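K.L.:
What follows is a predicted protein model with its sequence.
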Amino acid sequence: MPKLTIDDQEIEVENGTSIIQAAEQLGIEIPRFCYHDRLSVPANCRMCLVEVEGGPPKPVASCAMACGEGMVVKTSSPMVKKARKGVMEMMLINHPLDCPICDQGGECDLQDQAVAYGFDRSRYSENKRAVKDKPFGPLIKTIMTRCINCTRCVRFSEEVAGIDTMGQLNRGEDAEIGTFIAQAIDTEMSGNLIDICPVGALTSKPYAFKARSWELKKTDSIDVHDGLGANIRVDSRGAEVMRVLPRLNEEINEEWIDDRTRFAYDGLKKNRLDRPYIKDAETKKLRPAEWSEALDLLAEKLTTFKADNMAALAGDLCDAESMFALKELMTSLNVKNLECRVDGAQFDVSNKAGYRFNSTIAGIDEADSILLVGVNPRHEAALVNARIRKAYLERGVKVAVIGKQVDLTYPYHHAGETIADLQEMVKQYEGKVQSERPMIIVGSGVFKRDDGMAIHAVLHDAAEKLGCIKEDWNGFNVLHMAASRMAALEMGFTLTDPFDLNDMGFVYLLGVDNAETLANIHPHAFVVYQGHHGDAAAHRADLILPGAAYTEKSGLYMNTEGRVQRARQAIDPPGEAKEDWKIIRAVSEKCEEHLGFDTLGQLREELTERYPAFAAIDDIVPAEWGSFGDGNAEVSSEPLGSLVDNFYQTNVITRSSDTMHKCIEAFVKDQPELAETAE
């Protein structure tokens, strides 16, 4: 481990650490454009020049120079300052004076570093060159004349996203970034190109000319479009969400988010429910109503139906507080028919380790072999797919797949499509697996079958016989898509023995909009829909209670690992819509079944007292391994399929998003029926 001195400060670093990384450990700022912590080092912008005593008689690129024993580095000597000013002058030779109209203005690396390290004038008087803009699709706006050829976008595309459509074309003065054949950037993570671009060459097309960064209120929150719980920042102005950006969290999303998380926010403005509605008994049409009338009707129905003829279901986007409040209300009415697995999944809920992502998402970085069963992580959890790709690139981790053959951006061995193929693999490799930390990732879609419980038992058997369960390692993982699923299971918002929804005369839908559930409700049942979008469930409902979307309320969410995270309210709900727990609290008053809380703080106190896991914010309480599934049931020979057919439409928010519809038109080429629905 070499010791060196940087600006009179001594430091000892790991072998292979670059000077720029060592300087960061000391808190010394070195400017850079091409260098990025998570990408390979090209050393082509030369902005990170430093002086090394006794080294070359010229400044060296600190991103490409490894630390050496006894090295003495100066980052602000006269030589370095002069060199950086020269580099900045070269950078700005062809850069247009677009700052007043550039969307990157106010948060631009080139702006900031030009002020800190550049000249206040230029010695060049020649005409600036211009570069033609590129058609990168409906998400990324290009102004390629601003490009400084740092190649961050090219390296991200190849190394993280796993596509090779981008590159640097030509040489010298004619060098430019583009695609070899004019085409859109077809990856679920393309929006991250906007974040890593240090200038305004790549900006958000949906956000173009909408707002300035200093006008926006910034709220830390959690994404709900999948089960990962990616950390995000919601930027809003007034009552409107203007954009969604990633927050750094090494354990979950690192510093990336997928395009659905980043761009579907425009769906929060369309098809919103902003007041209660009641279906007229004569015309069978919904009419607007006052809150008092809606609550009176609901209280009447809740006290009219028998407890065993009533059911309550929680949808995929619900927060823990609203589900807890609904469970408490139903329990006070002796209603036991509760369910959160609204997609029809059947798996054993008696053991937490049987339905969790036990290895944790960051645990993918430790795995040395990975088996994917009935899952397409590229569509179900793009950030997990990026982690697997990183494991393949950096450590050569071998990946096998049982299920449909799809493009996962990395090579894998296709071992079959059915559970029988998994059983055959277990027989072949039992006791022969050489991996120290093997991992199985199961898609929650494999349980959407009549033999779900039998499959669960087979998976338990496979995890043990393939060496995934060890004293210090649990490599069995279920990847859930629903943001609410784990919290609901934690608080028992489900029955071990499922009930027949078609037998229920009263059904309370809390954010439930999926077709599978609606198709199973009896035509004459009284349906209450509490949610935020006028989607399919609202058309079926007899009573509509307008709730709040995830950006309009504070709430707790438990991700697929079992990690509890807190989302914060960014804007107010539209019109007369209310936070979901407040609606349920008001209903309980009308039913004269007072719940034990009047504020969100009191609700959380009761929630954490009853279910202690919700008190461990940002921590994971490990689940003890045990038996699960039904080993006596028969397994079907039906091939395993993925849970997600269309990445860009997975819930009511994405279905209402114009941007997601444009993505379908641009990217979903192999499913013309989806493209037609987007028109």
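P.N.:
Right, received. Where do you want to start?
K.L.:
Local confidence estimate at residue 90?
P.N.:
What the model reports as pLDDT for residue 90 is 90.
K.L.:
which stretch of helix or strand covers it?
P.N.:
helix 78-91 (DSSP states H and E).
K.L.:
So which bits of whichever helix or strand comes after that helix are buried?
P.N.:
Using DSSP H and E, the helix or strand that directly follows helix 78-91 along the chain is helix 109-117. Neighbour counts over helix 109-117 (16 or more other C-beta atoms under 10 Å) mark 109-111, 113-114, 117 as buried. Just so you know, the C-beta spots here come from the backbone N, C-alpha and C atoms, and that holds for glycine as well.
K.L.:
Just give me the neighbour total for residue 108.
P.N.:
By other C-beta atoms under 10 Å, the residues close to residue 108 number 19.
K.L.:
could I get the helix holding residue 90 in CSV with only the CA atoms?
P.N.:
Only the C-alpha atoms of helix 78-91 are listed here, as CSV (Å, rounded to 0.1, in the frame of the first residue of the first chain):
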residue,chain,number,x,y,z
PRO,A,78,1.5,27.7,-10.9
MET,A,79,2.2,25.0,-13.5
VAL,A,80,-1.1,23.2,-12.8
LYS,A,81,-3.1,26.4,-12.8
LYS,A,82,-1.7,27.5,-16.1
ALA,A,83,-2.3,24.1,-17.6
ARG,A,84,-5.9,24.0,-16.5
LYS,A,85,-6.6,27.4,-17.9
GLY,A,86,-5.2,26.3,-21.2
VAL,A,87,-7.3,23.1,-21.2
MET,A,88,-10.4,25.1,-20.4
GLU,A,89,-9.6,27.6,-23.2
MET,A,90,-9.4,24.7,-25.6
MET,A,91,-12.7,23.3,-24.3
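K.L.:
in the stretch 101-250 of the chain, which spans are strands?
P.N.:
Ranges of strands in the stretch 101-250 of the chain, per DSSP state E, counting those that start in this stretch, are 140-142, 166-169, 176-179, 202-204, 217-222, 231-237, 240-246.
K.L.:
Of all the ones you listed, which one is nearest residue 306?
P.N.:
strand 217-222 (38.3 Å; C-beta to C-beta).
K.L.:
tell me what the closest one is packed against?
P.N.:
Under the contact criterion of 3 or more C-beta pairs under 8 Å, 6 or more residues apart in numbering; DSSP states H and E, strand 217-222 touches strand 231-237, strand 564-567.
K.L.:
Relative to residue 134, which of the ones you listed is closest?
P.N.:
Among those, strand 231-237 sits nearest to residue 134 (C-beta to C-beta), with 26.1 Å.
K.L.:
The closest one pairs with which strands, and in what direction?
P.N.:
Strands that pair with strand 231-237, judged by DSSP bridges, come out as strand 217-222 (antiparallel), strand 240-246 (antiparallel).
K.L.:
what does that strand contact?
P.N.:
211, 213, 215-223, 241-249, 252-253, 257, 261, 265, 551, 565, 570-571 (C-beta atoms under 8 Å, 6 or more residues apart in numbering).
K.L.:
So which of the helices and strands packed on strand 217-222 is nearest residue 152?
P.N.:
Closest to residue 152 of those, according to C-beta to C-beta: strand 231-237, at 20.6 Å.
K.L.:
tell me the mean pLDDT for that closest one?
P.N.:
What strand 231-237 shows for mean pLDDT is 97.
K.L.:
Go through that strand and flag the buried ones.
P.N.:
Residues of strand 231-237 classed as buried by neighbour count (16+ other C-beta under 10 Å): 231-236.
K.L.:
got JSON lines for the buried residues of helix 109-117, with pLDDT and distance to residue 619 too?
P.N.:
Below are those laid out as JSON lines (pLDDT from 0 to 100; distance: C-beta to C-beta, whole Å):
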{"residue": "109", "pLDDT": "94", "distance to residue 619": "34"}
{"residue": "110", "pLDDT": "94", "distance to residue 619": "40"}
{"residue": "111", "pLDDT": "93", "distance to residue 619": "39"}
{"residue": "113", "pLDDT": "94", "distance to residue 619": "38"}
{"residue": "114", "pLDDT": "93", "distance to residue 619": "43"}
{"residue": "117", "pLDDT": "91", "distance to residue 619": "42"}
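K.L.:
just the residues you listed now: which is nearest residue 361?
P.N.:
Using C-beta to C-beta, residue 109 comes nearest to residue 361 of those, at 28.7 Å.
K.L.:
if you skip the residues just before and after it, what's nearest to that closest one?
P.N.:
Spatial nearest neighbour of residue 109, excluding adjacent residues (C-beta to C-beta, 6 or more residues apart in numbering): residue 198 at 3.8 Å.
K.L.:
got it, and residue 501?
P.N.:
For residue 501, the spatially nearest residue (C-beta to C-beta, 6+ apart) is residue 520, at 4.4 Å.
K.L.:
I'd like to know how many residues surround the one you found.
P.N.:
Per other C-beta under 10 Å, the neighbour tally for residue 520 reads 14.
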